[in-house]
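>>> next comes the sequence, and after it the predicted model I'd like to discuss.
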Amino acid sequence: MEKSPLPNDENGTVMTGGPSVAQLLQPNGDASPREGGLGEPSRDAWSSKLQYLLAQVGFSVGLGNVWRFPYLCHQNGGGAFLLLYVLLLVVVGVPLFFLELAAGQCIRQGSIGVWKHISPKLAGIGYSSCVVCFFVALYYNVIIGWSLFYLGSSFQYPLPWEDCPEANNNTVKECTDSSPTTYFWFRKALDITDSIDETGEMNTIMTICLLAAWTIVCLAMIKGIKSSGKVMYFSSLFPYVVLLCFLIRGLLLDGASEGIAYMFYPKLSIWGEVQVWRQAATQVFFALGLGFGSVIAYSSYNPPNNNCHRDALMVSTINFLTSVLASLVVFAVLGFRAKTIAMECVTRNLGLLSELTFLDTRWSPMFNISDPDSVSLEEYRAWFQHSGTNIDIQEQKNITDCSLEDEMNKGVEGTGLAFIVFTEAMTLFPASPFWSALFFLMLLNLGLSTMFGTMQGILTPLMDNFKKLARHKTMLTVCSCVVGFLIGLLFTQRCGNYFVTMFDDYSATLPLIIVVVFEAFSVSWVYGADRFLDDIEKMLKWRPPILYKYLWQYVCLLAMIGLLGASLLRMCFKRPTYTSWNQNLVSEVSLEYPGWALAVLAVLIVFATLPVPVGYVHSLLKARLSHGPQGGGEMDVEREQYTKCNTTEPDSTPGLTPLEEDEDGADGPPRNSFLQSGEENYRLLPQEAEDGEDTTGV
């Protein structure tokens, strides 16, 4: 049974500048598109190049660009981390990203089909990618639910996290001992427990928000890339509009220049720490979405002449520049926040100085104590460092230094940056509800665009390899979202935030690194880097630089193995911990995961990586059982299925066109995606169905 040619979209074309369906001629010269045999559904295609690029950018640019990259830059030497990130992006990130784009476009399958095409023994890599995508989708949609909650709460004046609430005519102590934004996040939004052990009690509001998030994803994905691609026009572009608005507004704030200077000041000594290299490599890895299968899935809907090398460079550059843009916004706002807090400190201390019963002339400041607004932060700090510590201890016990650097050093990781620090800064903005709604609408769009790519990394491989699922695309999408919501209820418990941290830190990291290690090894050593470059040359009509061969074979592979080893050693020598909010102490504390949580972690990691060895063993057993004791049978099967994606050997049956031979059901080696004669004869590999599953190794 032959897989149908590339279909047209609603406007009748596939990609701007690319061939239409009518141009993708069948071998007999008939220009009309033919549906797949036995009611097989045709494959979707991007309606324009812009739509495809927005989808790739939307997937790679996500919430991590807004909160994780600025945090890592903040904690790891500022400008030094930027330089290290660029280095690893160039020598590791871009080559691996190009590898996935080229593989998906060349073979025109999801992650399962791509690695099965290279060798049936490697099909498990694709299944592992699907499992990890599902794990990520489970908790990522919870973050989208949090953004929905804050977005809805932003339409109030004053903002509900601007002031501490009152109970029985008294201000809530937990709020006054922390801050209004911290209290709102931990108590109003999450209603969080003191530890991960306190399971069972549900957070009703977050359950409703999670349901809304999955509903949005389901409606956007229900027609495949034809619907999600159109949504990308808004969800991918809107965050840039918001970031630019915030940057312009942030640069006008007092303290913004100090914050940006803090960001770019390089501390090169940080390069000597292994942890910094590990974090930079991990950020490159996750920023581009390597290993998820989503990059492959999106690329598989492209025509064969699309310049995927240029796409790899373009998307990687846009991703990096977005991270820098988001960091500029974050550091400008954090600088403003730090300057505001420091000036409040100056005002408070000047008030205490004015209450002193005496003030020795040696200690008397050169500025007017009674007019705090006229005193700059630099003047106060210069006085304090010269004279402030000489005041009698009984009198100066509440007189403190006011350091903007100390406030800037109080970095908050992950969700805390968006839902605590950034929200606190926005309460200081004029028209704070407007800026708050804009910020969380941006987070919502960033999360949704990444979520669409993650879901595509699950659905595309399944539909490509199980034709019964492809015929019921809508039902598959709805059922996947329903299952995701039901399992996602784990994260809407009062302790759900701790499970989000667990999944984010461990369920995806190690399995994805393992997947990418196998991807690089499969292409560069199993399939052969030279053969892969040959395929790309046939596809693009020009040969990529030979440098990619050595990057894939050595630099990328060794870098990923090193990252995997560093992550494993860190887990072995340091028991995994999480940060909890203790209501009695009114502070965050670091706790070790209990034994049962470590068991869950182990199960998640094993479950995500198990398809790789299982797929290898299954392929060996299948080949052995199919051919019995006949010598060389297994090698024949391997050679038969192990073909290049641009092979153009003539069909074995004389007198028949390839199309006629397929219709007659003749057996033969799987034919490949690209024919030597060019795009006019382009068609997909023929598929042979066996119990609803593709078994041709494509």
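Received the coordinates, thanks. Just so it is clear, the structure is predicted and the values come from calculations on it, not from any experiment. Numbering: from 1, shown residues only.

>>> OK, contacts around the closest residue in space to Leu490 that isn't next to it in sequence?
Closest residue to Leu490 apart from its sequence neighbours, by Cβ to Cβ, 6 or more residues apart in numbering: Phe499 at 5.7 Å. Yep, even glycine has a C-beta here, placed from its N, CA and C like the rest. Taking Cβ atoms under 8 Å, 6 or more residues apart in numbering, we find Phe499 in contact with 139, 196, 490-491, 493.

>>> what segments of the stretch 401-550 of the chain are helices?
Assigned by DSSP state H, counting those that start in this stretch, the helices in the stretch 401-550 of the chain fall at 404-408, 415-416, 422-426, 432-465, 467-470, 473-488, 496-502, 509-521, 529-540, 547-550.

>>> in a markdown table: these, plus distance to Thr207 and mean pLDDT.
Below are those laid out as a markdown table (distance: least, Cβ to Cβ, whole Å; pLDDT from 0 to 100):
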| stretch | distance to Thr207 | mean pLDDT |
| --- | --- | --- |
| helix 404-408 | 36 | 77 |
| helix 415-416 | 18 | 69 |
| helix 422-426 | 22 | 81 |
| helix 432-465 | 18 | 89 |
| helix 467-470 | 29 | 83 |
| helix 473-488 | 9 | 92 |
| helix 496-502 | 10 | 90 |
| helix 509-521 | 27 | 88 |
| helix 529-540 | 47 | 90 |
| helix 547-550 | 48 | 93 |
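
>>> would you turn those into CSV with distance to Arg108?
Below are those laid out as CSV (distance: least, Cβ to Cβ, whole Å):
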stretch, distance to Arg108
helix 404-408, 49
helix 415-416, 38
helix 422-426, 42
helix 432-465, 9
helix 467-470, 14
helix 473-488, 17
helix 496-502, 35
helix 509-521, 17
helix 529-540, 11
helix 547-550, 21
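
>>> among the ones you listed, which comes closest to Ile248?
Checking these against Ile248 by Cβ to Cβ gives helix 432-465 as the closest, at 11.9 Å.

>>> quick one: buried residues of the closest one?
432-433, 435-465 (16 or more other Cβ atoms under 10 Å).

>>> mind listing the helices for the stretch 551-698 of the chain?
Using DSSP H, counting those that start in this stretch, helices in the stretch 551-698 of the chain cover 557-573, 595-609, 611-627, 633-641, 658-663.

>>> just to revisit the earlier point, of the contacts of Phe499 - the most surrounded one?
Phe491 (25 neighbours; other Cβ atoms under 10 Å).

>>> pick the most deeply packed of the helices of the stretch 551-698 of the chain.
helix 658-663 (a mean of 18; mean count of other Cβ atoms under 10 Å).

>>> average pLDDT for that helix?
Averaged across helix 658-663, the pLDDT comes to 36.

>>> same thing with stretch 610-619?
Here the average pLDDT along stretch 610-619 is 90.

>>> export it to CSV, keeping only CA atoms.
The C-alpha coordinates for stretch 610-619 follow below in CSV (Å, rounded to 0.1, in the frame of the first residue of the first chain):
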residue,chain,number,x,y,z
LEU,A,610,13.0,1.6,28.4
PRO,A,611,11.7,1.8,24.8
VAL,A,612,15.2,2.1,23.5
PRO,A,613,16.5,-1.4,24.7
VAL,A,614,13.0,-2.9,24.2
GLY,A,615,12.9,-1.8,20.6
TYR,A,616,16.3,-3.2,19.9
VAL,A,617,15.4,-6.6,21.4
HIS,A,618,12.0,-6.7,19.7
SER,A,619,13.7,-6.1,16.3
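
>>> contacts for that stretch next, please.
Contacts of stretch 610-619 (Cβ under 8 Å, 6+ apart): 119-125, 127-128, 131, 514-515, 518.

>>> present those as JSON lines; the columns should include distance to Met221, secondary structure and neighbour count.
As requested, the contacts of stretch 610-619 are exported to JSON lines (distance: Cβ to Cβ, whole Å; DSSP: H, G, I helix; E, B strand; the rest coil; neighbours: other Cβ atoms under 10 Å):
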{"residue": "Ser119", "distance to Met221": "31", "secondary structure": "coil", "neighbour count": "19"}
{"residue": "Pro120", "distance to Met221": "29", "secondary structure": "helix", "neighbour count": "23"}
{"residue": "Lys121", "distance to Met221": "31", "secondary structure": "helix", "neighbour count": "24"}
{"residue": "Leu122", "distance to Met221": "28", "secondary structure": "helix", "neighbour count": "25"}
{"residue": "Ala123", "distance to Met221": "24", "secondary structure": "helix", "neighbour count": "28"}
{"residue": "Gly124", "distance to Met221": "25", "secondary structure": "helix", "neighbour count": "24"}
{"residue": "Ile125", "distance to Met221": "24", "secondary structure": "helix", "neighbour count": "29"}
{"residue": "Tyr127", "distance to Met221": "20", "secondary structure": "helix", "neighbour count": "24"}
{"residue": "Ser128", "distance to Met221": "22", "secondary structure": "helix", "neighbour count": "28"}
{"residue": "Val131", "distance to Met221": "19", "secondary structure": "helix", "neighbour count": "21"}
{"residue": "Ile514", "distance to Met221": "27", "secondary structure": "helix", "neighbour count": "21"}
{"residue": "Val515", "distance to Met221": "23", "secondary structure": "helix", "neighbour count": "29"}
{"residue": "Phe518", "distance to Met221": "28", "secondary structure": "helix", "neighbour count": "20"}
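
>>> check what pLDDT Gln630 gets.
pLDDT, Gln630: 50.

>>> mean pLDDT lowest for which of the helices of the stretch 551-698 of the chain?
helix 658-663 - the lowest mean pLDDT of the helices of the stretch 551-698 of the chain, at a mean of 36.

>>> from Pro95, how far out is the closest residue to Ala520 other than its chain neighbours?
Distances taken as Cβ to Cβ, 6+ apart place Leu557 nearest to Ala520, at 4.6 Å, with adjacent residues excluded. The gap separating Leu557 from Pro95 is 10 Å, by Cβ to Cβ, to the nearest Å.

>>> what does Phe238 give?
Between Phe238 and Pro95 the computed distance is 31 Å (Cβ to Cβ).

>>> pLDDT weak spots in this protein?
1-44, 223-230, 356-367, 387-398, 410-415, 627-698 (pLDDT under 70).

>>> ok, longest helix in it?
helix 308-354 (DSSP state H).

>>> just checking, which helix or strand succeeds that one along the chain?
helix 377-386 (DSSP states H and E).

>>> measure Glu407 to Ile369 for me?
For Glu407, the distance to Ile369 - Cβ to Cβ - is 23 Å.

>>> just to revisit the earlier point, Val295 is nearest to which of the helices of the stretch 551-698 of the chain?
Minimum separation from Val295 across the helices of the stretch 551-698 of the chain (Cβ to Cβ) falls at helix 557-573, 15.7 Å.

>>> tell me how far Gly62 lies from Leu99.
Counting by Cβ to Cβ - Gly62 and Leu99 are separated by 21 Å.

>>> next one: Lys49
21 Å.

>>> look at these two and report which has more neighbours.
Neighbours per residue, other Cβ under 10 Å: of Lys49 and Leu99, the larger number sits with Leu99, 28 against 18.

>>> who's in contact with Cys556?
By Cβ under 8 Å, 6+ apart, Cys556 lies in contact with 91-92, 95-96, 520.

>>> just checking, the residue nearest to Ala520 touches Val523?
No - taking contacts as Cβ atoms under 8 Å, Leu557 lies outside contact range of Val523: 9.8 Å.

>>> remind me which helix or strand the nearest residue to Glu424 once chain neighbours are set aside belongs to.
Of all residues not flanking Glu424 in the chain, Thr181 sits nearest, at 4.2 Å (Cβ to Cβ, 6+ apart). Using DSSP H and E, Thr181 maps to helix 180-183.

>>> quickly list what Asn170 is bridged to.
When bridges are called by DSSP bridges, Asn170 pairs up with Ala167.
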